[in-house]
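Visitor: Next input, structure requested:
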Amino acid sequence: VPLSGAGVGNRPVLAIAPDGSVAVAWVEGAALEVSVRGVTGAFSAPSTIPTGTGPTELSIAAGPASDILLAWTDTNGAQGRVMTAYRPAGGPHFATPVSAVSIGPGSGMSLYLQATQVAFDPAGEASLIWLRTVVDSGANTTDTRWEGRWRTAGPAGAFAGLFPHDFEIRTLNTTLPTALDTGTLAADASGRTSFVWPALAAGGGLDMATRTTGGGFGATQTVQPSGVPRLDAAAAGSSLMVVDGKVPAVAVAPAGGTLGAFDATPFHAVGTGAIAVVAGDAAGDAATLWASKDGTVFSLRTTAYDATPPEARALAVPATATAGAAATFSVTPWDALTAASATWDFGDGTTATGASVQHAYATAGDRTVTVTVADQGGNTTTATRSISVAPPVASGGPFAPVPGPGPAPAPKVPAAPALTGVKLTRTSFAVGPAATPLTGKAHAAASKKTARGTVVQWRLSAAATVRLTVATVPARGKRSRVIGTLRRTAKAAASRLAFSGRVGKRALAVGSYKLTLTATDAGGRTSKPVTVRFRVLRAR
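Guide: Numbering: from 1, shown residues only. A predicted model of the protein is given here:
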């Protein structure tokens with residue numbers, strides 16, 4: 001969106017509607033500007049929304065029908081106002097602004113309206129919250145209160161009356177506490193809208209008020225612990241609140257329920273500087289993320305709230321079975337966030353646990369098999385199948401049970417490759433030249449004429465990699481020293497490898513050596529080592 005003129009004087013706000021359209025609003029100089037982008041295309045040229053003096057405290061939200069509500073505060077003469085502008089779904093422009101409240105501070109008083117917040121519920125109703133501060137310079141007092149209204153759904157929606165309890169009313173001889181304006185507003189899919197803010201009571205804590213579709217906010221409730229609240233709502237109807245502190249705490253309100261007790265168990269003592277945020281997903285799961293500092297060590301930590309039941313995937317229950325014979329039952333327990341397990345009830349008073357189990361019914365009859373899949377969050381899913389158990393086959397008398405299958409034979413383990421026929425065509429030789437190839441008939445023929453090098457021969461029972469290790473034959477009282485290793489991939493047949501008396505680029509010195517061969521197949525099985533000896537002579 002191109003900006004021009006006196007510059008941006010307030011943070012911009014942006015809303016993305018479910019249909020993919022986007023609206024952005026900002027204060028430029030003394031004017032309130034908006035721009036809208038459809039599902040495709042570019043942002044529209046900025047347009048000005050008529051306001052009073054000093055528009056500020058912008059807040060914007062998109063509803064489930066892709067309508068958008070923009071809220072801000074301004075003044076109209078001596079009146080302080082909370083204003084709103086509504087954009088219907090698919091509309092290119094915002095409608096004429098409507099005042100949610102207009103307040104006169106009174107003689108000798110100053111009025112401040114701030115911390116506006118907007119949130120839609122699934123029915124399309126919008127809640128609007130703001131903080132009012134009245135400073136009486138004559139009496140040297142400051143009166144602060146959270147206030148709000150709610151708007152009925154649709155383009156013709158209207159604001160209902162002011163919240164009756166005004167949330168928080170305190171008369172102070174000091175300025176507004178900075179923590180008071182950190183209230184958080186959120187709506188979840190159950191139709192519940194919640195507002196949480198730091199309490200000013202002597203004992204601290206948090207205050208909370210909720211409303212459901214079609215009605216106003218209920219009475220304020222104080223919850224513990226104290227701190228700066230972070231509130232979010234999952235689309236499936238779970239509201240999750242996390243409170244900052246040295247040990248962050250979490251509380252969950254399931255769909256249709258109330259906020260539960262705070263639980264610090266999933267969290268660790270994180271020292272100072274913890275800043276927690278929270279987010280929910282469309283399935284009702286939620287997660288918290290916070291930064292911590294222990295001394296000079298900074299870290300990020302996270303934990304999850306698992307509201308989604310697991311799944312019983314690939315469930316396999318035989319339609320029939322025979323009494324006395326074992327039948328196999330299997331399932332794949334699955335959960336998006338945690339590990340899952342399976343428990344079986346075979347319908348005859350017996351149970352078992354595991355993804356794949358076997359069970360033999362003692363008597364014939366029809367049974368109902370129930371499998372229960374549970375995740376680590378305590379969520380469960382059950383599935384049932386029917387099985388018809390036939391009487392045992394007669395053998396050796398009426399209704400004699402057929403003996404079950406005997407133990408399965410142990411699987412045959414493949415043997416390691418056999419390395420045989422290991423020998424050298426020449427056990428005493430001089431080192432061949434570096435240019436002499438290590439393999440081939442040409443080398444073998446040349447070595448016979450010059451008495452240089454030798455040929456290593458062996459036979460393999462299976463294809464394998466042959467490792468040839470060259471080491472010294474030590475004098476009495478000394479240790480053998482490995483010179484190096486050669487490798488050759490060979491088939492299950494007789495093989496030959498010409499050896500010139502060099503290991504890599506290194507020529508063996510005059511002396512006695514041993515050559516040890518081992519063969520390893522593709523399965524990692526290794527043959528017994530075979531060792532032959534040779535001598536390196538001085539070339540003539």
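Visitor: looking at this protein, which helix or strand does the model trust least?
Guide: The helix or strand of the chain with the poorest confidence is strand 170-172; it has a mean of 49 (mean pLDDT, DSSP states H and E).
Visitor: What is the helix or strand following it packed up against?
Guide: Using DSSP states H and E, the next helix or strand after strand 170-172 towards the C-terminus is strand 184-187. With contacts defined as 3 or more CB pairs under 8 Å, 6 or more residues apart in numbering; DSSP states H and E, the packing partners of strand 184-187 are strand 109-120, strand 126-136, strand 192-198, strand 229-233. C-beta: built from backbone N, CA, C; applies to glycine.
Visitor: could you redo the last one with a cut-off of 6 Å?
Guide: Packing partners of strand 184-187 (3 or more CB pairs under 6 Å, 6 or more residues apart in numbering; DSSP states H and E): strand 109-120, strand 192-198, strand 229-233.
Visitor: List of residues touching the last one?
Guide: Put plainly, it is strand 229-233. 184, 186-188, 196, 206, 239-243, 276-280 (CB atoms under 6 Å, 6 or more residues apart in numbering).
Visitor: of those, closest to residue 69?
Guide: Set against residue 69, the nearest of the contacts of strand 229-233 by CB to CB is residue 187 (12.5 Å).
Visitor: Okay, and the beta partners of that closest one?
Guide: Residue 187 forms beta bridges with residue 193, as assigned by DSSP bridges.
Visitor: next one: the one 10 residues further on
Guide: With DSSP bridges as the criterion, the beta-bridge partners of residue 197 are residue 207.
Visitor: What score does it have for pLDDT?
Guide: Listed pLDDT for residue 197 reads 81.
Visitor: Run a quick check on it versus residue 184, I expect a contact.
Guide: No: shown here, residue 197 and residue 184 do not form a contact pair, counting by CB atoms under 6 Å, at 7.4 Å.
Visitor: neighbour-wise, which of these two wins?
Guide: residue 197 (26 against 19; other CB atoms under 10 Å).
Visitor: Relative to residue 276, how far out is the more buried one?
Guide: 16 Å (CB to CB, to the nearest Å).
Visitor: count of residues packed around the closest residue to residue 95 other than its chain neighbours?
Guide: Nearest residue to residue 95, sequence neighbours excluded (CB to CB, 6 or more residues apart in numbering): residue 86, at 5.0 Å. By the measure other CB under 10 Å, the count of residues near residue 86 is 21.
Visitor: Residue 86 sits in which helix or strand?
Guide: strand 79-87.
Visitor: right, and the helix or strand after that strand?
Guide: Reading on from strand 79-87 to the C-terminus, the next helix or strand found by DSSP H and E is strand 98-103.
Visitor: neighbouring contacts of that following strand?
Guide: Here strand 98-103 has contacts from 79-84, 128, 149, 159, using CB under 6 Å, 6+ apart.
Visitor: make it 8 Å
Guide: 71, 76, 79-86, 111, 113, 128, 130, 132, 147, 149, 151, 159, 162 (CB atoms under 8 Å, 6 or more residues apart in numbering).
Visitor: Just give me the residue right at the centre of the chain.
Guide: residue 337 (7.0 Å; CA atoms, centre = their mean).
Visitor: Report how many residues lie close to the nearest residue to that residue once chain neighbours are set aside.
Guide: Nearest residue to residue 337 in three dimensions, chain neighbours excluded: residue 306, at 4.6 Å (CB to CB, 6+ apart). By other CB under 10 Å, 20 other residues sit near residue 306.
Visitor: so residue 306 makes contact with residue 374?
Guide: No: counting by CB atoms under 8 Å, residue 374 is not a contact partner of residue 306; they are 11.1 Å apart.
Visitor: quick check, residue 523 in a strand?
Guide: No: secondary structure of residue 523 (DSSP: H, G, I helix; E, B strand; the rest coil): coil, not part of a strand.
Visitor: what's near enough to touch it?
Guide: residue 414.
Visitor: before we move on, what about residue 112?
Guide: 80, 132-135.
Visitor: Could you rerun that using 7 Å?
Guide: Contact analysis of residue 112 by CB atoms under 7 Å, 6 or more residues apart in numbering lists residue 133.
Visitor: hang on, the earlier thing: look up how far residue 55 lies from the residue nearest to residue 337.
Guide: 43 Å.
Visitor: Check residue 24 too.
Guide: For residue 24, the distance to residue 55 - CB to CB - is 15 Å.
Visitor: what about the two, which has more around it?
Guide: Ranked by neighbour count (other CB under 10 Å), residue 24 and residue 55 place residue 55 first, with 24 against 19.
Visitor: Would you indicate which residues of the helix or strand containing the more buried one are buried?
Guide: For residue 55, the host element (DSSP H and E) is strand 53-62. For strand 53-62, the neighbour count (16 or more other CB atoms under 10 Å) marks 55-62 as buried.
Visitor: so which strand or helix has residue 497?
Guide: strand 494-499.
Visitor: so where's the stretch 251-400 of the chain shaky on pLDDT?
Guide: 263-275, 293-294, 394-400 (pLDDT under 70).
Visitor: Please report the number of neighbouring residues for the spatially closest residue to residue 538 that is not a sequence neighbour.
Guide: Excluding the flanking residues, the one nearest residue 538 by CB to CB, 6+ apart is residue 510, at 5.3 Å. Counted with other CB under 10 Å, residues neighbouring residue 510 total 11.
Visitor: Contact partners for residue 510?
Guide: Each residue near residue 510 by CB under 7 Å, 6+ apart is listed here: 536-538.
Visitor: Just the residues contacting the strand holding residue 55, thanks.
Guide: 10, 13-18, 23, 25, 27, 32, 68-75, 113-120, 126.
Visitor: Check which helices and strands the next helix or strand after the strand holding residue 497 sits against.
Guide: Next along the chain after strand 494-499, taking DSSP H and E as the criterion, comes strand 502-503. Applying 3 or more CB pairs under 7 Å, 6 or more residues apart in numbering; DSSP states H and E, we find strand 502-503 packed against strand 482-490.
Visitor: contact partners of the strand it packs on?
Guide: By CB under 7 Å, 6+ apart, strand 482-490 touches 460, 463-472, 497, 503-504, 506, 508.
Visitor: now, among the residues you listed, which is nearest to residue 532?
Guide: Closest approach to residue 532 among the contacts of strand 482-490 (CB to CB): residue 468, at 10.1 Å.
Visitor: Chain neighbours aside, what residue packs nearest to that closest one?
Guide: residue 486 is the one closest to residue 468 (CB to CB, 6+ apart), at 4.3 Å.
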